[in-house]
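S.K.: Quick one: sequence and predicted model below, then my questions.
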Amino acid sequence: MPIRLHDSLTRSLRELKPAQPDGVFRFYNCGPTVYAAAHIGNFRTFIINDVLRRLLELEFGLGKVKHVRNLTDVDDRTIGQAKAEQRPLAEITKKWTAHFHADCTALNCLPPHAEPTATGYIKEQVSMIEVLIEQGNAYRAADGSVYFKVSSFADYGKLSRVKERELQATDTVADSDHKDSVSGFALWKAHKPAEDGDVKWPGPRGAAEGRPGWHIECSAMSKAILGDTIDLHTGGVDLLFPHHENEIAQSQCCNGTTFANHWYHSEHLLVDGTTMSKSKGNYYTLGDLTAKGYSAMAVRYALLMGHPRKQLNFTLDSLHAAESALERLRKIAQQFMAKCACTETEFSTYKHPSGIDDWSIFGLSYDALRDDLNTPMALGWLFEWANKFDFSDQDKPYRYEFEIAALSRLMFAFGFDLFVQTEKAQTPAAITALADKRWAAKQAKDFAGADALRKELAAAGWSMLDGKDGYTLEPRKR
RNA sequence: GGUGCGGUAGCCAAGUGGUAAGGCCGAGCUCUGCAAAAGCUCUAUUCGGCGGUUCGAUUCCGCCCCGCACCUCCA
């Protein structure tokens, strides 16, 4: 069964396969703008793309997938943030890039094979713009900015189906604030000292110094790293128009060939049934959630609970459900591991994409993933089969290794690291003292005293879990 | 107004022209000094509303109601 994925261009499910003879699947995913902490909505998209990349590696093999995700480090927002903080642009973008990487690591997202920055590819962007000017697809405005002439590209609107929109406006861009207009969008923005400070580069021939427009960076970096035609280009739905529409226009006019063979867009995350916004108090970053005591892995799980092409309603309750479900998954894995004395490390080593085709009882789950990345269905099958698996079957021991290898690979596809070593909060000495006291009381069969101490611990925010030979303490959740 | 996506149990969420996956929560039982953990069991005569097509619709069609998103620099 091949991997099939929805294609926004044809609005149908299409098989994913590398077009180039070298068999390498080329895949570009629009990345974040590094001017603040990314929110969990952003991460939904990146996690979905991470699952896709893992799936492709499982399918085509390691080294047969080239995943590129850019960092937008120069645009209105990054410049605005630098200005607001009165710091150099590079300092701001460096800081938030590091923050983004830390979040990605915590969420167990594999680093892309290349992570280009817009400022690292100014030359490439400038040359593309020059080609577009020479060919008559772009023109210089009076202030030295350069705009793409939408009317010069017949296929404009094909992706977003907005062709019939009122595109009949003039070819002259008269807007004074340098925003895109109906007939064109900015490829190059002339330097404006008051807004841009010292952020500027030499422009395309005949244009002023300034900085690139937003859309051109992806076209240039995709071309530079992956070539003129790529296998897949992805992003959130909001990028469908104008960003991706404009990328197609620029790239195809410049390169004279198809830009991307396949387009995929994941839907947005809703929080409490509505758009996330700071004023509604439902705006979460990963840090906000981990500060509440949730694990990053649970956040990842929660973001995969819904179909990627459907809006997903994220709530603190659903995150709690994710935390429990993940714990359940861990128990399931341990049941299999116990049967064949597999260690956590060994479980992890099974993760290597191996081309093994035996998916054992997890085949349906894996198939669901391959069928348009249906993560909720895959999770459903996973639990369904794990639940009905008979662990008491004595004739089965030799089979457990297949089960466990399959489960391990499935966990790799989802990107669930079941055995991450999480930093346990340090238990205050006073709490330990109380717990010791209670344990002693319990051993002495002073149950009334033990209960009183349990209550005291609870009041202090700790749960005491009694074991056979001792106790463990953990912070009370919620 | 244009374009697109949805409305399925207390919550989250799959799915199919043939009679509703899964997770969470909750309940009961076993276990347990208590608590936790673990195990077992149970939890939608019904899929926003009204019509239509059909032997049969939650699934197809029409209309209506409601929600969300995009419509020039938001993943």
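M.R.: Nice, thanks for sending it over. Numbering: from 1, shown residues only, chains lettered A, B, ... in the order given.

S.K.: For A:N29, list the residues it contacts.
M.R.: Counting by C-beta atoms under 8 Å, 6 or more residues apart in numbering, A:N29 makes contact with A:F46, A:N49, A:H67, A:V68, A:R69, A:P112, A:H233, A:T234, A:G235. Any C-beta I mention is one placed from the backbone N, CA and C, and that applies to glycine too.

S.K.: again, 6 Å this time
M.R.: By C-beta atoms under 6 Å, 6 or more residues apart in numbering, A:N29 lies in contact with A:N49, A:R69, A:T234.

S.K.: Could you pull out the buried residues of the strand or helix carrying A:I332?
M.R.: Under the criterion of DSSP states H and E, A:I332 resides in helix A:316-339. Using 16 or more other C-beta atoms under 10 Å as the burial criterion, the residues of helix A:316-339 that qualify are A:316, A:318-319, A:322-323, A:325-326, A:329, A:332-333, A:336-337, A:339.

S.K.: got the CA positions of that helix in PDB?
M.R.: Presented in PDB, the C-alpha positions along helix A:316-339 are these (Å, rounded to 0.1, in the frame of the first residue of the first chain):
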ATOM      1  CA  LEU A 316      -7.000  21.400  28.500                       C
ATOM      2  CA  ASP A 317      -9.300  18.400  28.900                       C
ATOM      3  CA  SER A 318      -8.200  16.900  25.600                       C
ATOM      4  CA  LEU A 319      -4.600  17.400  26.700                       C
ATOM      5  CA  HIS A 320      -5.300  15.600  29.900                       C
ATOM      6  CA  ALA A 321      -6.900  12.800  27.900                       C
ATOM      7  CA  ALA A 322      -3.700  12.700  25.800                       C
ATOM      8  CA  GLU A 323      -1.600  12.400  28.900                       C
ATOM      9  CA  SER A 324      -3.600   9.400  30.000                       C
ATOM     10  CA  ALA A 325      -3.700   7.800  26.600                       C
ATOM     11  CA  LEU A 326       0.000   8.100  26.300                       C
ATOM     12  CA  GLU A 327       0.500   6.400  29.700                       C
ATOM     13  CA  ARG A 328      -1.800   3.600  28.500                       C
ATOM     14  CA  LEU A 329       0.400   3.200  25.400                       C
ATOM     15  CA  ARG A 330       3.500   3.000  27.600                       C
ATOM     16  CA  LYS A 331       1.800   0.200  29.600                       C
ATOM     17  CA  ILE A 332       0.900  -1.600  26.400                       C
ATOM     18  CA  ALA A 333       4.500  -1.400  25.200                       C
ATOM     19  CA  GLN A 334       5.800  -2.600  28.500                       C
ATOM     20  CA  GLN A 335       3.400  -5.600  28.400                       C
ATOM     21  CA  PHE A 336       5.000  -6.700  25.100                       C
ATOM     22  CA  MET A 337       8.500  -5.800  26.300                       C
ATOM     23  CA  ALA A 338       8.100  -8.000  29.400                       C
ATOM     24  CA  LYS A 339       7.200 -10.900  27.300                       C
END
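
S.K.: Any residues of the stretch 301-450 of chain A in contact with RNA strand B? List them.
M.R.: By C-beta under 7 Å from any atom of the strand, the residues of the stretch 301-450 of chain A that approach RNA strand B are A:305-307, A:310-313, A:315, A:317-318, A:320-322, A:324-325, A:327-328, A:331, A:374, A:376-377, A:379-384, A:387, A:442, A:447-448, A:450.

S.K.: again, only this time at 6 Å
M.R.: Proximity of the stretch 301-450 of chain A to RNA strand B (C-beta under 6 Å from any atom of the strand) is limited to residues A:305-307, A:310-313, A:315, A:317-318, A:320-321, A:324-325, A:328, A:331, A:374, A:376-377, A:379-380, A:383-384, A:387, A:442, A:447, A:450.

S.K.: Now secondary structure too, for the contacts of A:N29, in a markdown table please.
M.R.: Shown next, in a markdown table, are those (DSSP: H, G, I helix; E, B strand; the rest coil):
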| residue | secondary structure |
| --- | --- |
| A:N49 | helix |
| A:R69 | strand |
| A:T234 | strand |
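
S.K.: Low-confidence ranges, chain A, go.
M.R.: By pLDDT under 70, the low-scoring segments of chain A are A:163-183, A:351-357, A:397, A:421-426, A:475-478.

S.K.: nearest to A:L434, of the buried residues of helix A:316-339?
M.R.: For these, the minimum distance to A:L434 (C-beta to C-beta) is 26.4 Å, reached by A:E323.

S.K.: Please list all residues in contact with that closest one.
M.R.: A:A298.

S.K.: Any figure for the gap between it and A:A142?
M.R.: Going from A:E323 to A:A142 by C-beta to C-beta, to the nearest Å gives 58 Å.

S.K.: now A:Q135
M.R.: For A:Q135, the distance to A:A142 (C-beta to C-beta) stands at 21 Å.

S.K.: And for A:I225?
M.R.: Separation of A:I225 from A:A142 (C-beta to C-beta): 35 Å.

S.K.: Who has more neighbours out of the two?
M.R.: Between A:I225 and A:A142, counting by other C-beta atoms under 10 Å, A:I225 is the more crowded of the two (19 against 9).

S.K.: hang on, the more buried one packs against A:H67?
M.R.: No - with contacts counted by C-beta atoms under 6 Å, A:I225 stays clear of A:H67, the gap being 10.5 Å.

S.K.: Could you look up the SS state of the residue of the stretch 251-400 of chain A at minimum distance from RNA strand B?
M.R.: Minimum separation of the stretch 251-400 of chain A from RNA strand B (C-beta to the nearest atom of the strand) falls at A:G380, amounting to 2.2 Å. Here A:G380 is recorded as helix under three-state DSSP.

S.K.: Across the sheet, point out what pairs with the residue of the stretch 101-250 of chain A found nearest RNA strand B.
M.R.: Going by C-beta to the nearest atom of the strand, RNA strand B is nearest to A:G236 of the stretch 101-250 of chain A, at 1.8 Å. Counting by DSSP bridges, A:G236 forms beta bridges with A:S266.

S.K.: Now do the helices for the stretch 101-250 of chain A: every range, in order, please.
M.R.: Under the criterion DSSP state H, counting those that start in this stretch, helices of the stretch 101-250 of chain A are mapped to A:122-134, A:193-196, A:214-226, A:245-255.

S.K.: Select, out of these, the one closest to A:A296.
M.R.: Closest approach to A:A296 among those (C-beta to C-beta): helix A:214-226, 27.8 Å.

S.K.: Report the backbone C-alpha coordinates of that closest one in CSV.
M.R.: Below are the C-alpha coordinates for helix A:214-226, written out as CSV (Å, rounded to 0.1, in the frame of the first residue of the first chain):
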residue,chain,number,x,y,z
TRP,A,214,7.9,37.3,2.0
HIS,A,215,6.9,34.9,-0.8
ILE,A,216,10.2,35.0,-2.7
GLU,A,217,12.2,33.4,0.0
CYS,A,218,10.5,30.0,-0.2
SER,A,219,10.8,30.0,-4.0
ALA,A,220,14.5,30.8,-3.9
MET,A,221,15.4,28.4,-1.1
SER,A,222,13.4,25.6,-2.5
LYS,A,223,15.1,26.0,-5.9
ALA,A,224,18.6,26.3,-4.3
ILE,A,225,18.3,23.3,-2.1
LEU,A,226,15.9,21.0,-3.8
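
S.K.: And the residues of the stretch 301-450 of chain A next to RNA strand B, which of them are buried?
M.R.: Looks like those have A:M305, A:G306, A:H307, A:L312, A:S318, A:A325, A:N374, A:M377, A:L379, A:K442, A:A450 buried, using 16+ other C-beta under 10 Å.
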